[in-house]
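Visitor: Test case, fold it:
(one chain, ligands or ions: 1)
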Amino acid sequence: MTIFHCASCGTRLTTELRLLNEVPRRPAYDGLPAEGARRAPATVPRGFYAVDPDPTGAPFVPGEDQDDCVPAYPGGPSINAEGIELVSGGPRDTLLLHPEDMQDLILLSTGEAGCCGSPGDKGPNRGCRCGAPIGTEMSECYTPYELHLVPGAVVEEQAAEAAPGG
Ligand SMILES: [Zn+2]
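Guide: Numbers count the residues shown, from 1 in each chain. Coordinates of the predicted model:
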């Protein structure tokens, strides 16, 4: 079990979270209100986190194979104004959380434009109350529902496992 703290000011940001072996399959938005909002069900359940081996978020860069580009995520930026197919050139191995497991974050201004939530396509959009960028939330109706932490933005405290049955 792991507790995450802000690397800048030390503020505790989560309760105890358990590491998953892999990123769960991303559920698609089915058009139904999920958890009271127009967005996909969360990729990671509450109380867990995962390490995402794939590049995440901004910057978006031209894909190497222009005939076979996979968008960075469903509905994510996939083509630019010149018709060049884009993929995420963002960091790999980001920590991936349920956004509601870090509820005390402040909104950072990135210039992103969302209709139902945060697209998360302009870089870190959530910060600690001290102002340090902490993560990028994706919570649009066409994106997965995820919080990707900025590499190095948090420090991990290992919490002792509770004894089985008690
Ligand atoms: Zn802080």
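
Visitor: What about the closest residue to G111 other than its chain neighbours, how many residues nearby?
Guide: Distances taken as CB to CB, 6 or more residues apart in numbering put K122 closest to G111, at 5.5 Å, once the chain neighbours are dropped. In this view, the C-beta of every residue, glycine as well, is placed from N, C-alpha and C. Each residue near K122 was counted by other CB atoms under 10 Å, and the total is 19.

Visitor: So K122 sits against T110, correct?
Guide: Yes. With contact defined as CB atoms under 8 Å, K122 reaches T110; the gap is 3.9 Å.

Visitor: Surely E100 is in a strand?
Guide: No. Secondary structure of E100 (DSSP: H, G, I helix; E, B strand; the rest coil): helix, not part of a strand.

Visitor: can you list the weak-confidence ranges in the chain?
Guide: 28-36, 68-82, 162-166 (pLDDT under 70).

Visitor: rerun at 80
Guide: Residues of the chain meeting the criterion pLDDT under 80: 27-38, 64-86, 142, 160-166.

Visitor: Going along the chain, name the strands of it.
Guide: Per DSSP state E, the chain carries strands over the ranges 2-6, 18-19, 48-52, 60-62, 86-88, 94-97, 106-107, 126-127, 133-138, 146-149, 154-158.

Visitor: Now tabulate those in a markdown table and tack on distance to the ion and mean neighbour count.
Guide: As requested, the strands of the chain are exported to a markdown table (distance: least, CB to the ion, whole Å; neighbours: other CB atoms under 10 Å):
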| stretch | distance to the ion | mean neighbour count |
| --- | --- | --- |
| strand 2-6 | 3 | 19 |
| strand 18-19 | 22 | 12 |
| strand 48-52 | 18 | 19 |
| strand 60-62 | 28 | 17 |
| strand 86-88 | 26 | 20 |
| strand 94-97 | 16 | 24 |
| strand 106-107 | 10 | 11 |
| strand 126-127 | 8 | 22 |
| strand 133-138 | 8 | 26 |
| strand 146-149 | 13 | 26 |
| strand 154-158 | 9 | 15 |
